[in-house]
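1. Following is a predicted model, sequence given first.
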Amino acid sequence: MIERVAFLDAVHPVLQERLETAGWVCNHLEELTRQQILDGALATYSGIVLRARIQLDPTLFAAIPALKFVARSGAGLENIDVLYAQNHGIQVFNSPEGNADAVGEHALGQLLMLFHRLRLADRSVRQHLWEREAHRGMELSGKTVAIIGFGHMGRSFARKLSGMNCRVVAYDKYVQGFSGEENVHEWTMEQVWEHADVVSLHLPLTEETHQLVKRDWLLRFKRPIVLINTARGGIVNTAHLLDALDSQRLQGAALDVLEFERRSLEGLSDRPEALERLLTHEQVILSPHVAGWSVESYFKLSQVLADKILTWHASLSLTD
């Protein structure tokens, strides 16, 4: 029987090359719509490769009866009903290992931009000004950086901070016993609220984390912090973040993701008042969801998926 894989989003070609070498037939269907899938366009496919464009809910899963695996290029799985897949014997693969280095570097870069006022300084010099005192920065050395979520991305950021002479701590509700790994101290959230200078979010978007960072959460910090979010925009309430900045409860924010992103993560869904305030705020550094978007990660994301799929497929052959 021919095993076919549908590529619903563009990924690095190494994944297709390795799957085809192993005997799979790969088809590029990046323009396929949800309705076409419901009408049976993928009825004979064993595998799907995607990013975030398609929402794989039970209705869509049911329209792909031969499906054996879903490969998500990237870390987040919020567009896939993982529980449905598990209950129906469908393997779900993702590849957070592939872009963790890029995310860690990006978070550190945005943090240093804020601390050393680099964006404002660059803009000032381009306006033919030479205002040194106005762009006096702060040092990261000696600060306490708290990482919320100690998975692949959080650990990568911790490694990037290792030479910065700062105290790195982490809190993860679902992972414990990691104190000492990556030179990180394991803390409670109460300790983070009490002592943190910088807080970096590395969490999945779930019902539990949606709008986690809101007014009450921000008010619990004992000192003004810098907030970094390279995870998912929906974790942060933007209006409450801006209020905290304006009241000096926050020193600054570095946001690679916004709550106003489309479900596909490609572009913004609308332009509410909070977004307009955010775009003009001097204490905010923004980027368009590209923290994990490097030349190297483009290859590694697909390489990791290929490793996982082929290892899983080989294990099936051994049990047949």
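-> Now that the structure is in, tell me what you want to look at.

2. Surely Phe93 is within a strand?
-> Yes: assessed by DSSP: H, G, I helix; E, B strand; the rest coil, Phe93 belongs to a strand.

3. Thr144 versus that one, what's the distance?
-> The gap separating Phe93 from Thr144 is 36 Å, by CB to CB, to the nearest Å. In this view, the C-beta of every residue, glycine as well, is placed from N, C-alpha and C.

4. show me where the stretch 101-250 of the chain has helices.
-> 118-126, 152-161, 189-195, 215-219, 238-246 (DSSP state H, counting those that start in this stretch).

5. Look up phi and psi at Val25.
-> Val25 adopts backbone torsions of phi -100, psi 120, taken as degrees, to the nearest 10.

6. How about Arg223?
-> Per degrees, to the nearest 10, the backbone of Arg223 is at phi -140, psi 160.

7. Arg51 now?
-> Here is the backbone geometry of Arg51 (degrees, to the nearest 10): phi -110, psi -100.

8. residues in contact with it?
-> 9, 11, 72-74, 265 (CB atoms under 8 Å, 6 or more residues apart in numbering).

9. And the pLDDT at it?
-> On the pLDDT scale, Arg51 is placed at 95.

10. same thing with Gly267?
-> 86.

11. what about it, neighbour count?
-> A count of neighbours around Gly267, defined by other CB atoms under 10 Å, yields 10.

12. could you give the mean pLDDT of stretch 56-76?
-> Rounded mean pLDDT across stretch 56-76 is 97.

13. Endpoint to endpoint, that stretch covers what distance?
-> End-to-end distance for stretch 56-76, by CA to CA, to the nearest Å: 13 Å.

14. list the buried ones in it?
-> By 16 or more other CB atoms under 10 Å, the buried positions in stretch 56-76 come out as 56, 60-61, 63-64, 67-76.

15. same question, stretch 81-97
-> Here stretch 81-97 shows 81, 84-85, 90-97 as buried, counting by 16+ other CB under 10 Å.

16. Also stretch 110-126?
-> 110-118, 120-121, 124.

17. for the stretch 151-300 of the chain, what spans make up the strands?
-> With DSSP state E, counting those that start in this stretch as the criterion, the stretch 151-300 of the chain has strands at 167-171, 185-186, 198-201, 225-229, 250-255, 284-286.

18. could I get those strands as JSON lines with mean neighbour count, distance to Gly292 and mean pLDDT?
-> Putting the strands of the stretch 151-300 of the chain into JSON lines (neighbours: other CB atoms under 10 Å; distance: least, CB to CB, whole Å; pLDDT from 0 to 100) gives the following:
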{"stretch": "strand 167-171", "mean neighbour count": "22", "distance to Gly292": "19", "mean pLDDT": "98"}
{"stretch": "strand 185-186", "mean neighbour count": "16", "distance to Gly292": "25", "mean pLDDT": "98"}
{"stretch": "strand 198-201", "mean neighbour count": "26", "distance to Gly292": "14", "mean pLDDT": "98"}
{"stretch": "strand 225-229", "mean neighbour count": "25", "distance to Gly292": "13", "mean pLDDT": "98"}
{"stretch": "strand 250-255", "mean neighbour count": "23", "distance to Gly292": "14", "mean pLDDT": "97"}
{"stretch": "strand 284-286", "mean neighbour count": "19", "distance to Gly292": "16", "mean pLDDT": "97"}
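
19. Redo those strands as TSV? Include distance to Cys26.
-> Putting those into TSV (distance: least, CB to CB, whole Å) gives the following:
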stretch	distance to Cys26
strand 167-171	39
strand 185-186	43
strand 198-201	35
strand 225-229	35
strand 250-255	36
strand 284-286	36
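
20. which residues sit in contact with the residue nearest the centre of the chain?
-> In the chain, the centroid-proximal residue (CA atoms, centre = their mean) is Ala231; its distance is 3.6 Å. Going by CB under 8 Å, 6+ apart, Ala231 touches 149, 153, 201-205, 257.

21. ok so, going back, ok, which of the helices of the stretch 101-250 of the chain comes nearest Glu105?
-> Glu105 lies closest, by CB to CB, to one member of the helices of the stretch 101-250 of the chain: helix 152-161, at 6.0 Å.

22. now that closest one, how far from the centre of its chain.
-> For helix 152-161, the separation from the chain centroid amounts to 13 Å (computed by CA atoms, centre = their mean, to the nearest Å).

23. Report the mean per-residue pLDDT for it.
-> Rounded mean pLDDT across helix 152-161 is 98.
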